[in-house]
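Enquirer: give me a model of this one.
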Amino acid sequence: MSIVKKLDLDGYIESFERFLARIKPVPMEGDVNQHYRYIKALSSVDFPEPKSVPNLDGALARVRKQAILGLDEIYDFVKIVEYFNRLKAIELPQPLSSWIGEIEVPEDIIEVLGYFNAQGEINPQIDKELFDIQKSIKINKSEIKESLYKMVHSSHIKDYLVDTQIHFQNGEETLLVRGGFNNILKASVVGRSAGGYFYIIPQKISHLKSKETELLAKQDEVIYRYCQKISAVFLTWERFLRFINREYDRFDHYQARVLFAKANEYEFILPSKDKRVKLVDFSHPAISNPTPVNIDLNRSVMLITGVNAGGKTMLLKSMLSAVYMSKYLLPFKCDSSRTHIGHYKNIEAVIDDPQSVKNDISTFAGRMLEFSHLFKKRDAIVGVDEIELGTDSDEAATLFRVLLESLRDRGITFVVTTHHKRLASLMGADDEVELIAALYDEEQRLPTYTFLQGSIGKSYAFETAQRYGIPAHIIDNAKVIYGEDKENLNELIERSTSLEREMRLKISKLDNQKAELDKKYKYLEEIEEKLEEKHRKAVATLENRYNAATKRAQQALKAKESTEGRRLLTDAHKHKDKSNKVNISDTKIELKEGNRVKYRSHKGDVLSVRGDSVTILVDGMKMRVPLNQLKRISDIPKVEAKKPKKVRVTVEKSGASVSVKLLGMYGDEAIDRVDKFLSDALVNGLNQVEIIHGTGGGVLSKLVTEYLSTHPKINNFHRMRGNLGVTVVEL
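Expert: Below is the predicted model:
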């Protein structure tokens, strides 16, 4: 028996094969990862359904022998080529686009495509002789029908007609008449009806039938000439035909899987290189309204015990079926995001009773024969149902323990069901053995078809017997004979299973609560990010308004519109105040003198903290910045802050100074002072001024240079000869 039937997948495979354009073996040759990429790409687009095409290996063999193909065989190749041409006209994702795009059809084959119409016949429009013949055939058929129509309405044969219809018998137009018709009508009989009547062709239309035969023969001659011509072309391009036939099979594998998955809402699982089988919400396709399977096999042996008729065998078949379907990229129902299936070279199922009277093999002997074959296998997953079947369970337990341990050293993974706890107790302490218990609902006295990992299950033989109609007093007597000690053992097993199930439920509940908290935490993080982004945009908007207002004020001042300029500067500072207020509302950080901090792209040291502002030292320059714009890096020894020198502005002309000293100022403060100084100089009509910034670390001189380079009212500026700490500005 094939593995498909053993796993109850025969109905599933038959359903899948209905989606194939032509029947072929289910396995696909080649790289399974590459096949998976093509299938996933094809799943994302709509494509035309391929036409049904028979196997063309025989036709290709005849082409190689220079035989002349029939018109139907030729048209089968035409359908394949036409289908790939239709695919080329579709916008396909990669890697499909490259694959289909690289298929180039020879010009000779394209010419052959033009010979055929949509019905698979030679198009009469391309051949005048064929067109005239088919036209004559139609006229002749019309004359036959007209002659027969006149006959069925004539009075002299009316009494012999069964009806007035024209019947087609073996492709011939005939009349249906009663016996005795030959007294008034000469005709040939071509058949008998179920009622004993006769299908006849009147002699009066025999000349028309002869003419039709001649015309059909001429038509066949023309078609035969085309078949000769096309077969010669096919011989020239036989390698291309073999290639396109093989590619059609390959695409057929893909499209059938995609359409099959969409029709049943199935998922594809790409097999992994490891040997783990994890099923989440898996449903065996042979079961209607199944209880989804959730199981994780990451050890070399899975030992399933528990209630009779509780789904142990179906769990075994589900595990092996999932491996089989994944191996050949057949879709099935599961949670694809959490299901994980490893790759196995071989899949074996020791399920049925191998007893054979004909071959004189007992059940146990048959089982030993099947196990002996496994010693020739490697890299396999094997399912064994009721492993102790056919012999003493205690002896079988020790024998099968040794067999399983020996075979798993050959890279074989086992899924085993058993009703006896002897084998489970012998192997339970092995780290490579996963114990699985089929669960039973004590209150409803029914199996739940669910499973608990890490536990031995009770068989519930007495309960199952009573559920299927065995009288209660017989069950009670059996329990007495069975013995109190063994029943107590069963109760301990049951209690252990219940406690473990309760523990698993609590763990599952905690996991769900944790997942819910993680979800809320993530939600709050997203809100925080959105608020920070909103805040950043608000600050940027206010700063832009401030800069724009400042620019307008400076322009007004430079045009000597002092009153309007001062008003605009006042408005600008209002926007600046709003920007500072927004910054102050940010989340505060704890800083103290000596902390190492980062401000924008600069790193510096904290000199002092006053409320929501911090004085920092960056590259030798002191700056006062908002607290919330700093990020703490690390602590360094405390640095004593130098008191800023007082700024002295020397006024050398009425109402305005010709020089300004910036020594000891913060960067922002110095630029503000220069901006005000230049505005006053422009208002008072000064042509040349000096900015005293000193040399020091060069930070102030760099800031002044950058500012002067962008000022619209400055004609030129340069450093004073002999004193690089002074910049001369020409207005």
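Enquirer: can you tell me how far the nearest residue to residue 23 once chain neighbours are set aside sits from residue 4?
Expert: Leaving aside its sequence neighbours, residue 23 sits nearest to residue 17 (C-beta to C-beta, 6 or more residues apart in numbering; 6.0 Å). In this view, the C-beta of every residue, glycine as well, is placed from N, C-alpha and C. Computed as C-beta to C-beta, to the nearest Å, the residue 17 to residue 4 distance reads 11 Å.
Enquirer: what is the neighbour count of the residue nearest to residue 23?
Expert: As a burial measure, residue 17 scores 14 neighbours (other C-beta atoms under 10 Å).
Enquirer: I'd say it and residue 10 touch.
Expert: No: when contacts are counted by C-beta atoms under 8 Å, residue 17 is not listed as touching residue 10 (10.6 Å).
Enquirer: which residues do those two both contact?
Expert: Here residue 17 and residue 10 have no joint contacts, going by C-beta atoms under 8 Å, 6 or more residues apart in numbering.
Enquirer: hang on, the earlier thing: contacts only, for the residue nearest to residue 23.
Expert: Here residue 17 is in contact with 23, 26, 256 (C-beta under 8 Å, 6+ apart).
Enquirer: mind putting those residues into CSV with pLDDT?
Expert: Formatted as CSV, those follow (pLDDT from 0 to 100):
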residue, pLDDT
23, 91
26, 93
256, 97
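Enquirer: wait, isn't residue 28 in contact with residue 253?
Expert: Yes: the pair residue 28 / residue 253 is scored as a contact, 5.1 Å apart, by C-beta under 8 Å.
Enquirer: okay, these two: which has more neighbours?
Expert: residue 253 (24 against 18).
Enquirer: how close does that one sit to residue 56?
Expert: 16 Å.
Enquirer: helix or strand: which one has residue 320?
Expert: Here residue 320 sits within helix 312-327, counting by DSSP states H and E.
Enquirer: surely residue 281 is within a strand?
Expert: Yes: checked against DSSP: H, G, I helix; E, B strand; the rest coil, residue 281 lies within a strand.
Enquirer: count the residues that sit near it.
Expert: 14.
Enquirer: which residues touch it?
Expert: By C-beta under 8 Å, 6+ apart, the neighbours of residue 281 are 292-294, 333-335, 339.
Enquirer: let me see the mean pLDDT of the one helix or strand residue 548 maps to.
Expert: Element membership of residue 548 [criterion: DSSP H and E] is helix 484-558. Averaging pLDDT along helix 484-558 yields 72.
Enquirer: and stretch 160-176, by the same measure?
Expert: Here the average pLDDT along stretch 160-176 is 86.
Enquirer: buried ones in it?
Expert: 160-161, 167, 169, 173-176 (16 or more other C-beta atoms under 10 Å).
Enquirer: quick one: least confident helix or strand in this protein?
Expert: helix 562-584 (a mean of 57; mean pLDDT, DSSP states H and E).
Enquirer: so how far is whatever helix or strand residue 404 lives in off the chain centroid?
Expert: If you go by DSSP H and E, residue 404 is part of helix 393-408. Relative to its parent chain, helix 393-408 has a centroid offset of 42 Å by C-alpha atoms, centre = their mean, to the nearest Å.
Enquirer: circling back to that earlier point, now the two most distant members of the contacts of residue 281.
Expert: 294 and 333 (13.0 Å; C-beta to C-beta).
Enquirer: not counting its neighbours along the chain, what's nearest residue 436?
Expert: Spatially, and ignoring its direct neighbours in sequence, residue 436 is nearest to residue 304 (4.4 Å; C-beta to C-beta, 6+ apart).
Enquirer: related to what we said a few turns ago, tilt between the following helix or strand past the helix holding residue 404 and helix 312-327?
Expert: Toward the C-terminus, helix 393-408 is succeeded by strand 412-417 as the next helix or strand (DSSP H and E). If you take axes from the mean of the first three to the mean of the last three C-alpha atoms, to 10 degrees, strand 412-417 sits at 150 degrees to helix 312-327.
Enquirer: same for strand 412-417, what does it pack against?
Expert: Contacts defined by 3 or more C-beta pairs under 8 Å, 6 or more residues apart in numbering; DSSP states H and E place strand 412-417 against strand 301-306, helix 312-327, strand 380-384, helix 393-408.
Enquirer: strands of the stretch 601-731 of the chain, start to end?
Expert: 602-610, 613-618, 621-626, 630-635, 659-661, 688-692, 716-720, 723-730 (DSSP state E, counting those that start in this stretch).
Enquirer: ok, residue 332 to residue 264 distance?
Expert: 9 Å.
Enquirer: looking at these two, which one has more neighbours?
Expert: residue 332 (25 against 15).
Enquirer: bridging residues for that one?
Expert: Counting by DSSP bridges, residue 332 is bridged to residue 267.
Enquirer: surely it meets residue 283?
Expert: Yes: checked against C-beta under 8 Å, the pair residue 332 and residue 283 is within contact range at 7.5 Å.
Enquirer: could you list the buried residues of stretch 533-549?
Expert: By neighbour count on 16+ other C-beta under 10 Å, the buried set for stretch 533-549 is 539, 542-543, 545-546, 549.
Enquirer: nearest to residue 186 among those residues?
Expert: Top of the list for closeness to residue 186, among the buried residues of stretch 533-549 and by C-beta to C-beta, is residue 539 at 110.1 Å.
Enquirer: so residue 22, which state does it fall into?
Expert: coil.
Enquirer: wait, it touches residue 53, no?
Expert: Yes: look at residue 22 against residue 53 with C-beta under 8 Å: they come within range, at 5.2 Å.
Enquirer: secondary structure class for the closest residue to residue 57 other than its chain neighbours?
Expert: Setting aside the residues directly before and after it, residue 57 is nearest to residue 245 in space (C-beta to C-beta, 6+ apart), at 8.0 Å. On the three-state scheme (three-state DSSP), residue 245 is labelled helix.
Enquirer: before we move on, the earlier item: among the buried residues of stretch 160-176, which ones are in strands?
Expert: In this view, the buried residues of stretch 160-176 that belong to strands under DSSP state E are 167, 169, 173-176.
Enquirer: show me where the stretch 101-250 of the chain has its helices.
Expert: 107-113, 128-152, 206-236, 238-264 (DSSP state H, counting those that start in this stretch).
Enquirer: any chance of these in JSON lines, plus distance to residue 602?
Expert: Output for the helices of the stretch 101-250 of the chain, formatted as JSON lines (distance: least, C-beta to C-beta, whole Å):
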{"stretch": "helix 107-113", "distance to residue 602": "70"}
{"stretch": "helix 128-152", "distance to residue 602": "89"}
{"stretch": "helix 206-236", "distance to residue 602": "77"}
{"stretch": "helix 238-264", "distance to residue 602": "57"}
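Enquirer: most tightly packed of these?
Expert: helix 238-264 (a mean of 18; mean count of other C-beta atoms under 10 Å).
Enquirer: between it and helix 206-236, how many degrees?
Expert: Angle of helix 238-264 versus helix 206-236, following the same axes, to 10 degrees, is 100 degrees.
Enquirer: re the thing from before, shared neighbours of residue 294 and residue 333, anything?
Expert: 281-282.
Enquirer: low-confidence bits of the stretch 101-250 of the chain, can you list those?
Expert: Of all residues in the stretch 101-250 of the chain, none has pLDDT under 70.
Enquirer: nearest to residue 388, of the contacts of residue 17?
Expert: Closest approach between those and residue 388, by C-beta to C-beta: residue 26, at 33.6 Å.
Enquirer: residue contacts, that closest one?
Expert: By C-beta under 8 Å, 6+ apart, the contact list for residue 26 reads 13, 16-17, 328, 330.
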